[in-house]
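Colleague: Structure here, sequence nowhere to be found:
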């Protein structure tokens, strides 16, 4: 994340020399980890093998003539051998999300009035005034007809409602989701027409004057789905299951029939996936940029055990009830994810190890059978009695786990494993 230029942006510089090809191609990499390094020390770090401010390793690219096509149009990662082996193992027997299972958020182009818009429209319009995205007050003031509410008005969520695992269904903004074919029939929606008409001079949508730029496929915004925040320091995948709830371009949406959406939510928020995105995904400085390409390349096991779904239920309830010790439940998901991705490899390479012979997934699956917590959903009223019941069940389950699982043994075995140490060094232990 070191910025060399005064513009303050992340910039890559490539210095290339034409030489006779050597296969495979190996070269040294130096990773700067001290973001407070003085500028005059960077030269020493890069050219004099000074590891005070970072690390050095050798990476290899197999750019032989018959394999070069594998790299065409794809990003190149500069990995050391340890990380390359971990990532390769994660891909064993994996499946991947497809374009039919992901989509970007709706794109109105004009969300609300900006300073530039005001310069065109005049001072009668205030900065922040809703155009295609309305506040609660603006929504209530327009008194939409039942037909407008059915066809056009949609709940709209921002990062204020999106958290790891859990999403807050209580929106405070509303999207005028006007379709591309609305212009000839806009008179069916008089309040929508009256609201948008004054803004026509600044509308840039492909479907102007009344249609938003991209409505997206409506099926992605109802029922079970996952909202994935695009730019984030830590993966944020939020489970939603309500109807007609939209997000904008800050998110991608995942909706698949191949996996339980709750189980997938749990897995995608794990440290293992965070590690994958750090090493193989896109980044803007130190921030993850989880666009379509990183989503399509994340390795997902063919089968995600039901314990991921059950733990995600508990985490959603714990978040809603604002309980402490949510981190403990997240750590259980991390342990299950380590086993899911790496146990087969551990069994083949170090079969005598504790974690190769024992299963945390089986242990937790057996223990959780005694705790029938209410399935988390946004579609039923949540009473105070139901909240108290769920809090009690979660506390009893965590107590049972601490009593029956030898976490000191698991910590000595899994957490001290060199692969897991590599992951934790990359994404942090918290």
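Modeller: Cool, the structure landed. For clarity, every value in this text was computed on a predicted model and none was experimentally measured.
Colleague: any idea which element residue 14 lies in?
Modeller: Using DSSP states H and E, residue 14 is not contained in any helix or strand.
Colleague: Begin at 725, not 1, for the rest of this chat.
Modeller: Understood, numbering begins at 725; the last thing we discussed is residue 738.
Colleague: And it, how close does it get to residue 1004?
Modeller: 20 Å (Cβ to Cβ, to the nearest Å). Backbone N, C-alpha and C define where each C-beta goes, glycine included.
Colleague: for residue 846, same thing?
Modeller: With Cβ to Cβ as the criterion, residue 846 and residue 1004 are 50 Å apart.
Colleague: neighbour count winner among those two?
Modeller: residue 1004 (18 against 10; other Cβ atoms under 10 Å).
Colleague: Settle this for me: the more buried one is touching residue 807, isn't it.
Modeller: No - when contacts are counted by Cβ atoms under 8 Å, residue 1004 is not listed as touching residue 807 (9.4 Å).
Colleague: Tell me where the stretch 875-1024 of the chain has strands.
Modeller: 877-881, 889-890, 897-900, 949-953, 955-956, 961-964, 969-971, 975-978, 1006-1008, 1011-1013, 1024-1025 (DSSP state E, counting those that start in this stretch).
Colleague: Could I get these in a markdown table, plus columns for distance to residue 922 and mean pLDDT?
Modeller: Output for the strands of the stretch 875-1024 of the chain, formatted as a markdown table (distance: least, Cβ to Cβ, whole Å; pLDDT from 0 to 100):
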| stretch | distance to residue 922 | mean pLDDT |
| --- | --- | --- |
| strand 877-881 | 19 | 97 |
| strand 889-890 | 38 | 96 |
| strand 897-900 | 14 | 97 |
| strand 949-953 | 32 | 97 |
| strand 955-956 | 32 | 96 |
| strand 961-964 | 33 | 98 |
| strand 969-971 | 23 | 95 |
| strand 975-978 | 29 | 97 |
| strand 1006-1008 | 36 | 87 |
| strand 1011-1013 | 36 | 94 |
| strand 1024-1025 | 47 | 96 |
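Colleague: Compile the ones you listed into a markdown table and extend it with columns for distance to residue 1084.
Modeller: As requested, the strands of the stretch 875-1024 of the chain are exported to a markdown table (distance: least, Cβ to Cβ, whole Å):
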| stretch | distance to residue 1084 |
| --- | --- |
| strand 877-881 | 34 |
| strand 889-890 | 19 |
| strand 897-900 | 41 |
| strand 949-953 | 24 |
| strand 955-956 | 27 |
| strand 961-964 | 22 |
| strand 969-971 | 34 |
| strand 975-978 | 26 |
| strand 1006-1008 | 31 |
| strand 1011-1013 | 27 |
| strand 1024-1025 | 15 |
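Colleague: Ok, which of these comes nearest residue 783?
Modeller: strand 1006-1008 (17.0 Å; Cβ to Cβ).
Colleague: Identify the residues contacting the residue nearest to residue 1078 when sequence neighbours are not counted.
Modeller: Excluding its sequence neighbours, the residue lying closest to residue 1078 (Cβ to Cβ, 6 or more residues apart in numbering) is residue 1137, at 3.9 Å. Contacts for residue 1137 (Cβ atoms under 8 Å, 6 or more residues apart in numbering) come out as 1077, 1078, 1079.
Colleague: Closest to residue 971 out of the residues you listed?
Modeller: The closest of the contacts of residue 1137, once distances to residue 971 are taken by Cβ to Cβ, is residue 1079, at 38.2 Å.
Colleague: Give the helix, strand or coil label for the closest one.
Modeller: At residue 1079 the chain is in helix, as set by DSSP: H, G, I helix; E, B strand; the rest coil.
Colleague: repeat for residue 754
Modeller: Per three-state DSSP, residue 754 ends up strand.
Colleague: Tell me who's in contact with the nearest residue to it once chain neighbours are set aside.
Modeller: Counting by Cβ to Cβ, 6+ apart, residue 754 lies nearest to residue 780, which is 4.9 Å off, once chain neighbours are set aside. Taking Cβ under 8 Å, 6+ apart, we find residue 780 in contact with 752, 753, 754, 755, 773.
Colleague: Also residue 1113?
Modeller: So residue 1113 contacts residue 1098 (Cβ under 8 Å, 6+ apart).
Colleague: name the element it belongs to?
Modeller: Counting by DSSP H and E, residue 1113 is found in helix 1108-1128.
Colleague: Now that helix: average pLDDT?
Modeller: Average pLDDT, helix 1108-1128: 94.
Colleague: so after it, what's the next helix or strand?
Modeller: helix 1131-1134.
Colleague: Average pLDDT for that next one, rounded please.
Modeller: If you average the pLDDT values across helix 1131-1134, you get 80.
Colleague: Just the buried residues of it, please?
Modeller: residue 1134 (16 or more other Cβ atoms under 10 Å).
Colleague: Beyond it, next helix or strand please.
Modeller: Using DSSP H and E, the first helix or strand after helix 1131-1134 is helix 1142-1151.
Colleague: returning to what we had before: mind giving me CSV with the strands of the stretch 875-1024 of the chain and columns for mean neighbour count?
Modeller: Formatted as CSV, the strands of the stretch 875-1024 of the chain follow (neighbours: other Cβ atoms under 10 Å):
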stretch, mean neighbour count
strand 877-881, 23
strand 889-890, 24
strand 897-900, 25
strand 949-953, 24
strand 955-956, 17
strand 961-964, 27
strand 969-971, 26
strand 975-978, 23
strand 1006-1008, 15
strand 1011-1013, 17
strand 1024-1025, 17
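Colleague: Quick check on the residue of the chain most remote from its centre: phi, psi?
Modeller: No residue in the chain has its C-alpha farther from the mean C-alpha position than residue 744, which lies at 42.2 Å (Cα atoms, centre = their mean). Note on residue 744: its backbone torsions stand at phi -70, psi 130 [degrees, to the nearest 10].
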